[in-house]
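1. Output the structure for:
(one chain, ligands or ions: 1)
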Amino acid sequence: MLNAKQLLGSWALVTLGLAQSVAAERATATSPDREAVARPTSSLATTATLSPRAVVLEDKKITLVDDALTPHWVVRACSIAPAAAAPALHKAVATLTAASPKPYTMPGYPNIAVIEEDGNIVGGGDINLANAAKYFYQGYKDDRDFLFVFASTKNEVSKDYNAYYRSLRNTTTGIGLDTYDYSKSYGSNGKLLGVANMNTVNKWKNFVYPLLDLWPLGVITHEMGHQWIAYVKLKSGTITTDPNSSLRSHWDPLAHTEASIMYGNDWKETTPPLTVFGKSIPGTYLSVGLPGGFSSLDKYLMGVHGPEKVKEFFRINATWKNILKHFAIPGNMATGSKVKLTVSDIVAANGARNPAWKKAQTSFKGAFILIAEKGRKPTDDELKIAEYMRKRIPEHFKKETDNRFSISTTLNKK
Ligand SMILES: [Zn+2]
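-> Numbers count the residues shown, from 1 in each chain. Have a look, this model is predicted:
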């Protein structure tokens, strides 16, 4: 993780910019043959920018520090409606008919399921994920855990978010969620965990190998994280955002979360709380990190590792705060007292995770679905963007889960 000085240094570099090399990258960015190019890991450890958009890259960690791009998990939280609301929010067509669009593939992209708009999928600035899923299952086996649905529209279609996730099925206890299964309303028979609205493919076209592509990959990883993370309660106080707010289903900014990709901050105490002449003076805390991978608590909730690996953490009982952004970013500040927490506090309020990590699901399957506008096939450029992310996410997800989880994005036709 960057310390504050490094961060400032990075920003200086960012300002200088590497616009020319980025421009060159952009030209070839979404070419599928980029997969064949050896990944220069050293370049990922450097700082780069697409000026004037400030981007900081540190190894596999990435964040945007400028609102200009309205990046997904930076500017707006995802819209995670309670799972029980899923069938009503996206009401699927009651029965599929011969006229219902069948998924097909385009030459060169056998693992992108294309579905042509029939008037029942994209509308109102949103994707009807239930219909997209039901149409998908006409041609493919019901063996997916996650569906990632993109649209080929010009306008954005993720309800003013950059992307969002909808959980449909949960069998894990101890993570702050009830168990439920709404998969049937999306055409799956008790298999599908959830669906991500990944917005229009064009949303992601400028985030390119090797400098910027960690951002869209981080978005997909973040959406999958919503299946398990940031729902737990405490017996006293909270470390999650208000479930009734637009920032719901993320870690609260006042929680010290190692600057998780699911938000919260990497807080450093600069002045300890004191008692002077019987009067308590609150401590001062500065946020020093940027959203990175999953925290040790995140990984416990996911089932990546056991409770013994969760680092002690804390929340700030704030008497004053200056939260510039609801994600980890230097500039966020708070004063108050530190409430130390351990995984025992999580277990005490939510129960132990069940199944325990050794029995947790570790192997997942995802499908990349592209909704094509009515009357036209998707263009090669549109397919390339989805394909690029589809090919890269297995490696990224594996690394972010300590090489324990895997996700296959190869489709299985019926
Ligand atoms: Zn989110």
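
2. Phi and psi next, for Trp320.
-> Torsion angles at Trp320 (phi, psi; degrees, to the nearest 10) stand at phi -150, psi 140.

3. Need the nearest residue in space to it, chain neighbours excluded.
-> In space, not counting the residues next to it along the chain, Trp320 is nearest to Thr335; the distance is 4.7 Å by Cβ to Cβ, 6 or more residues apart in numbering. C-beta here means a position set from N, CA and C on the backbone, and glycine is covered the same way.

4. Arg353 versus the one you found, what's the distance?
-> When Cβ to Cβ, to the nearest Å is applied, the distance between Thr335 and Arg353 equals 34 Å.

5. Gly278 now?
-> Here the distance between Gly278 and Arg353 works out to 43 Å (Cβ to Cβ).

6. Compare the two (neighbour count), which wins?
-> A direct count of neighbours by other Cβ atoms under 10 Å for Gly278 and Arg353 places Arg353 higher, at 24 against 5.

7. what's the longest helix in the chain?
-> In the chain, with assignment by DSSP state H, the single longest helix is helix 380-400.

8. Outline the domain layout of this structure.
-> 4-71, 72-414 (automatic domain parsing).

9. I'd like those domains laid out as a markdown table, including mean pLDDT.
-> Formatted as a markdown table, the domains of the chain follow (pLDDT from 0 to 100):
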| stretch | mean pLDDT |
| --- | --- |
| domain 4-71 | 30 |
| domain 72-414 | 91 |
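
10. Buried deepest among these, which one?
-> Highest mean neighbour count of the domains of the chain: domain 72-414, a mean of 19 (counted as mean count of other Cβ atoms under 10 Å).

11. so how far is it from its chain's centroid?
-> Distance of domain 72-414 from its chain centroid, counting by Cα atoms, centre = their mean, to the nearest Å, is 4 Å.

12. thinking again about what came up before, just confirm the residue nearest to Trp320 is within a strand.
-> Yes - note on Thr335: a strand contains this position according to DSSP: H, G, I helix; E, B strand; the rest coil.

13. from what I can see it touches Asn317, true?
-> No - at 10.1 Å, Thr335 and Asn317 do not qualify as touching, with contact defined as Cβ atoms under 8 Å.

14. Please tell me how far Gln83 sits from Asn354.
-> Gln isn't right for residue 83; it's Ala. Distance from Ala83 to Asn354, counting by Cβ to Cβ: 18 Å.

15. Please apply the same query to Lys154.
-> To Asn354, Lys154 is 46 Å away according to Cβ to Cβ.

16. which phi and psi does Ser167 have?
-> Torsion angles at Ser167 (phi, psi; degrees, to the nearest 10) stand at phi -80, psi 140.

17. what about the strands in the stretch 251-400 of the chain?
-> Under the criterion DSSP state E, counting those that start in this stretch, strands of the stretch 251-400 of the chain are mapped to 251-256, 263-265, 267-271, 274-276, 279-281, 283-287, 313-322, 333-341, 363-372.

18. how about the ones you listed in JSON lines, adding distance to Ser167?
-> Shown next, in JSON lines, are the strands of the stretch 251-400 of the chain (distance: least, Cβ to Cβ, whole Å):
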{"stretch": "strand 251-256", "distance to Ser167": "17"}
{"stretch": "strand 263-265", "distance to Ser167": "17"}
{"stretch": "strand 267-271", "distance to Ser167": "29"}
{"stretch": "strand 274-276", "distance to Ser167": "44"}
{"stretch": "strand 279-281", "distance to Ser167": "42"}
{"stretch": "strand 283-287", "distance to Ser167": "28"}
{"stretch": "strand 313-322", "distance to Ser167": "24"}
{"stretch": "strand 333-341", "distance to Ser167": "25"}
{"stretch": "strand 363-372", "distance to Ser167": "14"}
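
19. who wins for proximity to Asp381 among the ones you listed?
-> strand 363-372 (11.8 Å; Cβ to Cβ).

20. pretty sure Ser100 is in a helix, no?
-> No - note on Ser100: no helix contains this position according to three-state DSSP, which reports coil.

21. so how far is Lys414 from the spatially most central residue of the chain?
-> The chain has His222 as the residue nearest its centroid, 1.7 Å off, counting by Cα atoms, centre = their mean. Between His222 and Lys414 the distance, using Cβ to Cβ, works out to 31 Å.

22. Surely Ala88 forms part of a helix?
-> Yes - when three-state DSSP is applied, Ala88 is found to be in a helix.

23. could you measure it against Lys191, distance?
-> Between Ala88 and Lys191 the distance, using Cβ to Cβ, works out to 21 Å.

24. re the thing from before, same for the longest helix of the chain, what does it pack against?
-> In terms of contacts (3 or more Cβ pairs under 8 Å, 6 or more residues apart in numbering; DSSP states H and E), helix 380-400 is packed against strand 109-116, strand 146-151, helix 214-225, strand 363-372, strand 406-408.
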